[in-house]
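>>> Sequence below, structure please.
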Amino acid sequence: MMISRLAIALLALTLAACGTTSRKGGYYQDDGPGENPPADVANIPDAVPRAEAPHRYANRPYTVLGRDYVPLAADTPYRATGIASWYGRKFHGQKTAIGETYDMYGMTAAHPTLSIPSYARVTNLANGRSVVVRVNDRGPFLHSRIIDLSYAAAAKLGYIGRGSAEVRVESVGPGTAPAPDEDLRRIATADQPEGRRTPRSGGPEQREGWSEASHLSRTSLPEVDDGHGIYLQLGAFGNADNAANLRNQLARELDGDLRDRLVIRSGGGYYRVQLGPWASHDEARRVADRLDELIDAEPVVVRR
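Residues are numbered from 1 along each chain as shown. Modelled structure (predicted):
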């Protein structure tokens, strides 16, 4: 399964030897537009749905942070509501899960399970604005967020400053992009109570007649014991580049001692991204529990 260095904008936390302080608001706070942004991002045209063959490798089942994901088949109807985030200059120019170069000023998105490449209409439920994006990457994988949009797409939806928004995501195909919901626009533009905030998390809402993405239970690989200590396993890949991409992304987000504990171990046809070593199983479990609390994921404790 292809997982890119963009796919995991994750671990919005500050941990120092099992500390408890988290970075509120997400990684968008140290992201943003490049040095020479377009004069009027609002006029960047939406993506135009067209027929494209599914990527050969990027639509296989995969595991990230102890969770299994099963991408949907091409042309499977999808509709869900949940939290959207965005990614900008920190990832500009890097490769997506299908090997394309990420352009923060393009109308693109990352989704955990939609077939890629594919197209989706995303509507900001707070203001009724809608955009059509081309899904060409995987992610996000934390805080129950259901989609990551490019800087341009998030700017057009009006949530760059706050970092996230509650959205509706609908799959669309060539000639099938739905028109914006005028009733939604009227509701969204009505007076809202002062101080209303978009929730930081919330799972996707399944709608009758639409297929929800498969999100399987957490699983673990067999424990490996070669006498070198106890680690937390964050991901396992059949491709070394994918493992390196995950490690590099984690290195951007982790602070202090944890950043220095990131390693990649190869064996048995897999490249495993691990965090450690820890002095004891109990210490590793405490760190894993803290990660579970902060990012709703469960690293696997392994012995090397």
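
>>> going forward, measure contacts between C-alpha atoms and count neighbours the same way
OK.

>>> strands paired with the helix or strand in which residue 83 is found, and their directions?
Element membership of residue 83 [criterion: DSSP states H and E] is strand 79-87. Paired neighbours of strand 79-87 in the sheet (DSSP bridges): strand 145-150 (parallel), strand 165-172 (antiparallel).

>>> which SS state does residue 247 fall under?
With DSSP: H, G, I helix; E, B strand; the rest coil as the basis, residue 247 sits in helix.

>>> For it, give its distance to residue 60.
Separation of residue 247 from residue 60 (C-alpha to C-alpha, to the nearest Å): 21 Å.

>>> Run a quick neighbour tally on residue 242.
23 (other C-alpha atoms under 10 Å).

>>> Just name the most buried of the strands paired with strand 79-87.
The highest mean neighbour count among those, using mean count of other C-alpha atoms under 10 Å, belongs to strand 145-150: a mean of 27.

>>> after it comes which helix or strand?
Of the helices and strands lying after strand 145-150 in sequence (DSSP H and E), the nearest is helix 151-157.

>>> ok, residues contacting that following helix?
Contacts of helix 151-157 from elsewhere in the structure, counted by C-alpha atoms under 8 Å, 6 or more residues apart in numbering, are 32-33, 41-42, 44, 85-88, 104-108, 123-124, 129-131, 133, 160.

>>> List the ones among the residues you listed that fall in strands.
Judged by DSSP state E, strands contain the following of the contacts of helix 151-157: 85-87, 108, 123-124, 130-131, 133.

>>> any weak-confidence spans in this structure?
Counting by pLDDT under 70, the chain contains low-confidence residues at 1-35, 143, 176-227, 249, 251-256, 293-297.

>>> one more time with 80, if that's ok
Low-confidence segments of the chain, defined by pLDDT under 80, are located at 1-39, 65-66, 141-144, 175-228, 237-242, 244-259, 290-298, 304.

>>> hmm, back to that, show me which positions of the strand holding residue 83 end up buried.
When burial is assessed from 16 or more other C-alpha atoms under 10 Å, strand 79-87 yields the following buried residues: 79-87.

>>> again with stretch 50-66
Neighbour counts over stretch 50-66 (16+ other C-alpha under 10 Å) mark 54-55, 58-60, 62-66 as buried.

>>> neighbours of residue 268, just the number please.
Applying other C-alpha under 10 Å, we find 6 other residues in the vicinity of residue 268.

>>> err, residue 228, not the other one
Under the criterion other C-alpha under 10 Å, the count of neighbours that residue 228 has is 9.

>>> so it sits in a strand?
No - counting by three-state DSSP, residue 228 is not part of a strand but coil.

>>> Residue 173: which of the buried residues of strand 79-87 is nearest?
Nearest to residue 173, judged by C-alpha to C-alpha, of the buried residues of strand 79-87 is residue 79 at 13.1 Å.

>>> is it true that the closest one touches residue 146?
No - with contacts counted by C-alpha atoms under 8 Å, residue 79 stays clear of residue 146, the gap being 11.0 Å.

>>> mind listing what residue 118 touches?
Shown in contact with residue 118 (C-alpha under 8 Å, 6+ apart): 49, 52, 54, 74, 134-136, 171-173.

>>> Switch those over to JSON lines; also include distance to residue 272.
Output for the contacts of residue 118, formatted as JSON lines (distance: C-alpha to C-alpha, whole Å):
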{"residue": "49", "distance to residue 272": "36"}
{"residue": "52", "distance to residue 272": "32"}
{"residue": "54", "distance to residue 272": "26"}
{"residue": "74", "distance to residue 272": "29"}
{"residue": "134", "distance to residue 272": "30"}
{"residue": "135", "distance to residue 272": "26"}
{"residue": "136", "distance to residue 272": "24"}
{"residue": "171", "distance to residue 272": "33"}
{"residue": "172", "distance to residue 272": "35"}
{"residue": "173", "distance to residue 272": "36"}
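
>>> can you give me the strands in this structure?
Using DSSP E, the strands of the chain run over residues 62-64, 67-70, 79-87, 108-110, 118-124, 130-137, 145-150, 165-172, 214-218, 230-237, 262-267, 270-278, 300-303.
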